[in-house]
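**Student:** Next input, structure requested:
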Amino acid sequence: MTFFRLLLATLLLTVAPAAFAGETVSSPDGRLTVTVDVNGEWRPFYRVERDGKPVITDSRLGFLLTDQDKLERRLAVVGSSRASHDETWEQPWGERRFVRDNHNELTVRFEEQSDAKRKFGVVFRVFDDGIGFRYLFDDASMGQTVRIAEELTEFNIAQDGTAWWIPGGEWNRYEYLYEQTPISGVSVAHTPLTLRMADGTHIALHEAALVDFAGMWVKRTTGANFRATLAPTGSGAARAVRDVPFATPWRTILVSDNAAGLAMSDIELNLNEPNKLGDVSWFKPHKYVGVWWGMHLAVESWGSGPIHGATTANVKRYIDFAAKNGFEGVLVEGWNVGWDGDWFFNGSLFSFTQPYPDYDFDELARYAAKKGVPIIGHHETSGDIGNYEAQLEAGLDLMAQHGVKTIKTGYVTDACNLRYVHADGIETRECTESQVMQRHHLKVVTEAAKRHIAINAHEPVKDTGLRRTYPNWVAREGARGMEFNAWGVPPNGPSHIPTLAFTRMLAGPMDYTPGVLSLEGRGQPLQMTQARALAEYVVVYSPIQMAADLPENYAKYPKAFQFIKDVPADWSESRVLDAQVGDYVITARKDRNSADWYVGGVVDEQGRDSRVSLSFLDPGRTYRAQIYRDGPSANWEGEARFDIIIEEKRVTAADTLDLRMAPGGGFAVRLIPLKR
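**Tutor:** From the prediction side, this is the model:
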């Protein structure tokens, strides 16, 4: 080391002690502690400890900017403030009716030790089950506009261990089978990224309140160290541009002793703003059927022709089936002009107001209203955002005029190939999570809300808890759904749902489209048992649940179909009773509109003998348990998939159910309280 470098290092280490005093904040239960400080190079960092043991080691904070010096060196802590918060708020719909928001907050102010003296803040909220933090750009010293080239936030995991992840920034968006590797084997990952350290501590990295900003992936740098990386913009310039003042999305770190604790966390919801829409009683959680699975089986088509699915007669058949069986919606895909040809790339041809000639929208609206079964609309953009936004208001108006209360949107194209037209007429190709696409999705949601329409987005931007702020954003896809079981190579295997429950499902509701009792795709069997197909209605949460199979297949299995008709889509309580990421999960939920409980269990290809304690039931009360479980020969392979036992017994909170889950199997239980 030269004399001058040694002198500089000495000066940095001998600054006033106040600059290095550090700030700490702990969770309400005292187990989690966050420390915020600057190091000897005047770089800001944070770390997280649980019960005095490191979870996140010293991890830097900062940004690269396109038109200013990097915001990461020469910084000192110049102030702080604290607050505590404890309230319980009510969801209009959800996994649970009431959510507790109990946290301690620390805001740390940083100032650059330079002539510019740029200032910004970082807010940390510490809950019993994790933390959230975000940057505050609220000082004029940052200029009028901040143009962010890249984020430098780190998440340095204290130990190696196991990771469950899908690649970030690749062509198929979120629709990959999850990898299970050492933490030190991850490359660039989408969030939520779920980790289990060697000591058993479970961690999930994600974000909350992703509004008007680029989505975050996480990139492993060395060992078990990760850094945020922002989704690029089609313009090739700054990845996020915001006028001052503004706050970034929250970076979240869930921390738990076990997998169940991750799934029970409400941190992302609590870090979002309260409902901005007011009364949303016009949306009711429901189950639906639709003109959909037949397309994936290739017995019907989206495009016009001899096997066109969205015909007036066929949709009436589905409306009749829904009305007879208590379903509250019929999804219709392929109703509008644009599906003929290679619609993966010809999004500019889609019309959102012109039906095909064999689809009489007026007559179907009348028929649906008569039967009390609304049509669920469908807007497939094929990734042409410019075309969709040009027709958005007219397309939504048409739906509202025809009694449509929910719309499924779609963005089928390669990631980073979404066509957007800017106000100046310039076209760009955008990534699924770019800042431009965040703005687009929110525009669709807010325009739909004006017309009392809910949105279920497929090929979406990931969920970050915005359903709290915009409760008409009711579900999303954002992972491999049921359609991969029809034509995917490979299909979703038995471990897929036990993995989704602690990865994708940590973000929020997923429209997985379960309920294929025929257990058959397009020439390939589904890798699950029939009891498992029922259990997915409890394990995979969504306020809109599809019964995805063809009506004629439900007629073949009326006893199993009864559970699909009975299970609700809205809950007052939800509990994960037992779980291991990727292996199995057992979930209990209480119906919001009755005193019934439902329990679902799913397992990977190894199978499992499970003991389910019913201690969550009301003490002193007897329940009738309707049990759908794997039979003695059940297995996810061959005809054994259909071996199911349906039985009843009386139980109380003091009882335990011994339920075997076959390889690739599961169970579903309805618990009905008997009159006292």
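**Student:** For the residue lying closest to Y318 once chain neighbours are set aside, give me its contacts.
**Tutor:** What sits nearest to Y318 in space, not counting adjacent residues and going by Cβ to Cβ, 6 or more residues apart in numbering, is V330, at 4.7 Å. Backbone N, C-alpha and C define where each C-beta goes, glycine included. Going by Cβ atoms under 8 Å, 6 or more residues apart in numbering, V330 touches 288-291, 315, 318-319, 322, 368, 373-376.
**Student:** The same query, at a cut-off of 7 Å, please.
**Tutor:** By Cβ atoms under 7 Å, 6 or more residues apart in numbering, the contact set of V330 is 288-290, 315, 318-319, 322, 373, 375-376.
**Student:** Go through the residues you listed and flag which are in helices.
**Tutor:** Judged by DSSP state H, the contacts of V330 include 315, 318-319, 322 as members of helices.
**Student:** Turn these into a markdown table, columns for neighbour count, distance to D511 and pLDDT.
**Tutor:** Converted to a markdown table, those look like this (neighbours: other Cβ atoms under 10 Å; distance: Cβ to Cβ, whole Å; pLDDT from 0 to 100):
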| residue | neighbour count | distance to D511 | pLDDT |
| --- | --- | --- | --- |
| V315 | 25 | 20 | 98 |
| Y318 | 25 | 18 | 98 |
| I319 | 24 | 20 | 98 |
| A322 | 24 | 17 | 98 |
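**Student:** possible to save the contacts of V330 as TSV with distance to A423?
**Tutor:** Shown next, in TSV, are these (distance: Cβ to Cβ, whole Å):
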residue	distance to A423
Y288	37
V289	41
G290	36
V315	38
Y318	41
I319	41
A322	42
V373	41
I375	34
I376	32
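**Student:** What is the most widely separated pair among those?
**Tutor:** Spatial extent of these (Cβ to Cβ) is set by the pair Y288 and V315 at 12.8 Å.
**Student:** Would you check how far apart the residue nearest to Y318 and R676 are?
**Tutor:** In this view, V330 and R676 are 40 Å apart by Cβ to Cβ, to the nearest Å.
**Student:** So which residues of the stretch 201-350 of the chain form strands?
**Tutor:** For the stretch 201-350 of the chain, the strands defined by DSSP state E, counting those that start in this stretch cover 202-208, 216-220, 225-230, 240-243, 246-247, 250-256, 286-291, 330-332.
**Student:** again, but for the stretch 1-150 of the chain
**Tutor:** 23-26, 32-38, 44-50, 53-60, 63-65, 75-90, 98-112, 119-127, 130-137, 145-151.
**Student:** what's the neighbour count on the closest residue to L500 other than its chain neighbours?
**Tutor:** Nearest residue to L500, sequence neighbours excluded (Cβ to Cβ, 6+ apart): A479, at 6.0 Å. A count of nearby residues for A479, using other Cβ atoms under 10 Å, gives 27.
**Student:** Am I right that A479 is in a strand?
**Tutor:** No: A479 sits outside any strand when classified using DSSP: H, G, I helix; E, B strand; the rest coil, being coil.
**Student:** coming back round to it: turn the strands of the stretch 201-350 of the chain into TSV, including distance to N417 and mean pLDDT.
**Tutor:** Converted to TSV, the strands of the stretch 201-350 of the chain look like this (distance: least, Cβ to Cβ, whole Å; pLDDT from 0 to 100):
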stretch	distance to N417	mean pLDDT
strand 202-208	23	98
strand 216-220	17	98
strand 225-230	18	98
strand 240-243	20	98
strand 246-247	29	98
strand 250-256	28	99
strand 286-291	27	98
strand 330-332	26	98
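**Student:** Need the ones you listed in JSON lines (columns: distance to G410).
**Tutor:** Conversion of the strands of the stretch 201-350 of the chain to JSON lines gives the following (distance: least, Cβ to Cβ, whole Å):
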{"stretch": "strand 202-208", "distance to G410": "24"}
{"stretch": "strand 216-220", "distance to G410": "23"}
{"stretch": "strand 225-230", "distance to G410": "25"}
{"stretch": "strand 240-243", "distance to G410": "26"}
{"stretch": "strand 246-247", "distance to G410": "31"}
{"stretch": "strand 250-256", "distance to G410": "28"}
{"stretch": "strand 286-291", "distance to G410": "13"}
{"stretch": "strand 330-332", "distance to G410": "11"}
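**Student:** where exactly do the helices run in the stretch 401-550 of the chain?
**Tutor:** 435-450, 483-487, 496-500, 530-539 (DSSP state H, counting those that start in this stretch).
**Student:** Bridged to L193, which residues?
**Tutor:** When assigned by DSSP bridges, L193 has beta-bridge partners L205.
**Student:** Check it and give its pLDDT.
**Tutor:** Note on L193: pLDDT of 98.
**Student:** And the strands of the stretch 1-150 of the chain: which comes nearest T464?
**Tutor:** Within the strands of the stretch 1-150 of the chain, the stretch nearest T464 is strand 130-137; the backing value is 10.8 Å (Cβ to Cβ).
**Student:** quick one, that closest one and strand 250-256 angle?
**Tutor:** Orientation of strand 130-137 against strand 250-256 (axes from the mean of the first three to the mean of the last three Cα atoms, to 10 degrees) gives an angle of 170 degrees.
**Student:** any idea of the mean pLDDT in strand 130-137?
**Tutor:** 98.
**Student:** now do stretch 261-272
**Tutor:** The model assigns stretch 261-272 a mean pLDDT of 98.
**Student:** Ends of that stretch, what's the gap?
**Tutor:** One end of stretch 261-272 to the other measures 20 Å (Cα to Cα, to the nearest Å).
**Student:** Give the buried residues for that stretch.
**Tutor:** The neighbour-count check on stretch 261-272 (16 or more other Cβ atoms under 10 Å) flags 261-272 as buried.
**Student:** same thing with stretch 151-168?
**Tutor:** Using 16+ other Cβ under 10 Å as the test for burial, stretch 151-168 gives 151-159, 161-168.
**Student:** just how off-centre is it within its chain?
**Tutor:** For stretch 151-168, the separation from the chain centroid amounts to 18 Å (computed by Cα atoms, centre = their mean, to the nearest Å).
**Student:** just the CA coordinates of it, formatted as CSV?
**Tutor:** C-alpha atoms of stretch 151-168 as CSV (Å, rounded to 0.1, in the frame of the first residue of the first chain):
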residue,chain,number,x,y,z
GLU,A,151,-29.6,-0.7,-7.7
LEU,A,152,-26.7,-1.7,-5.4
THR,A,153,-28.7,-3.2,-2.5
GLU,A,154,-27.2,-6.4,-1.2
PHE,A,155,-28.6,-9.4,0.6
ASN,A,156,-25.6,-11.2,2.0
ILE,A,157,-26.9,-14.5,3.5
ALA,A,158,-25.1,-15.5,6.6
GLN,A,159,-24.8,-19.2,5.7
ASP,A,160,-25.0,-21.4,2.7
GLY,A,161,-27.9,-23.8,2.5
THR,A,162,-30.7,-24.7,0.0
ALA,A,163,-32.4,-22.4,-2.5
TRP,A,164,-35.6,-22.8,-4.5
TRP,A,165,-35.6,-20.5,-7.5
ILE,A,166,-36.5,-19.8,-11.1
PRO,A,167,-34.2,-17.7,-13.4
GLY,A,168,-34.9,-14.0,-13.7
